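Q: Next comes the sequence, and after it the predicted model I'd like to discuss.
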Amino acid sequence: MDKDNVECWTTKDHPPGLFRRFEFENYNKLRIFLDRLADLSKEKEYYPDISFGVTYANITVYASNTKKLSVADKAFAHSIDELI
């Protein structure tokens, strides 16, 4: 998959960002995903907005420059996809 291609993500305009909802079979699988996401965020020093419930996580990656999504923003979203 091309790192600039974030077809599973919804583009937001104000403020610019990418949104995706991840669904899981149970809380344990969600927790594993969130732990992996925490490790990725620390490694990349890139912290998305996260909200979650028992079997889902809503992730928003905002534009790092606050004006326009960059290739790096899209690459980070792609890295999140790879955690599944």
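A: Structure received.
Q: The residue nearest to W9 when sequence neighbours are not counted: neighbouring residues, count only.
A: In space, not counting the residues next to it along the chain, W9 is nearest to L18; the distance is 4.1 Å by Cβ to Cβ, 6 or more residues apart in numbering. (Each C-beta comes from the backbone N, C-alpha and C, glycine too.) Using other Cβ atoms under 10 Å, the number of residues around L18 comes to 23.
Q: And for the one 10 residues further on?
A: Residues lying near N28 (other Cβ under 10 Å) number 9.
Q: part of a strand, is it?
A: No. Read with DSSP: H, G, I helix; E, B strand; the rest coil, N28 is helix and lies in no strand.
Q: List the contacts of A57.
A: The contact partners of A57, taken as Cβ atoms under 8 Å, 6 or more residues apart in numbering, are 21-22, 24, 30, 33-34, 37, 50-51.
Q: Determine the three-state secondary structure at it.
A: strand.
Q: how near is it to L40?
A: 13 Å (Cβ to Cβ, to the nearest Å).
Q: sorry, back to before: CA-only coordinates of the host helix or strand of the residue nearest to W9 in PDB, if you can.
A: Take DSSP states H and E as the rule and L18 turns out to sit in strand 17-23. Extracted C-alpha coordinates of strand 17-23, given in PDB (Å, rounded to 0.1, in the frame of the first residue of the first chain):
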ATOM      1  CA  GLY A  17      -7.200  15.800   9.700                       C
ATOM      2  CA  LEU A  18      -7.900  12.100   9.000                       C
ATOM      3  CA  PHE A  19     -10.500  10.100  10.900                       C
ATOM      4  CA  ARG A  20     -11.000   6.400  11.200                       C
ATOM      5  CA  ARG A  21     -13.100   4.100  13.500                       C
ATOM      6  CA  PHE A  22     -11.600   0.800  14.300                       C
ATOM      7  CA  GLU A  23     -13.900  -2.000  15.400                       C
END
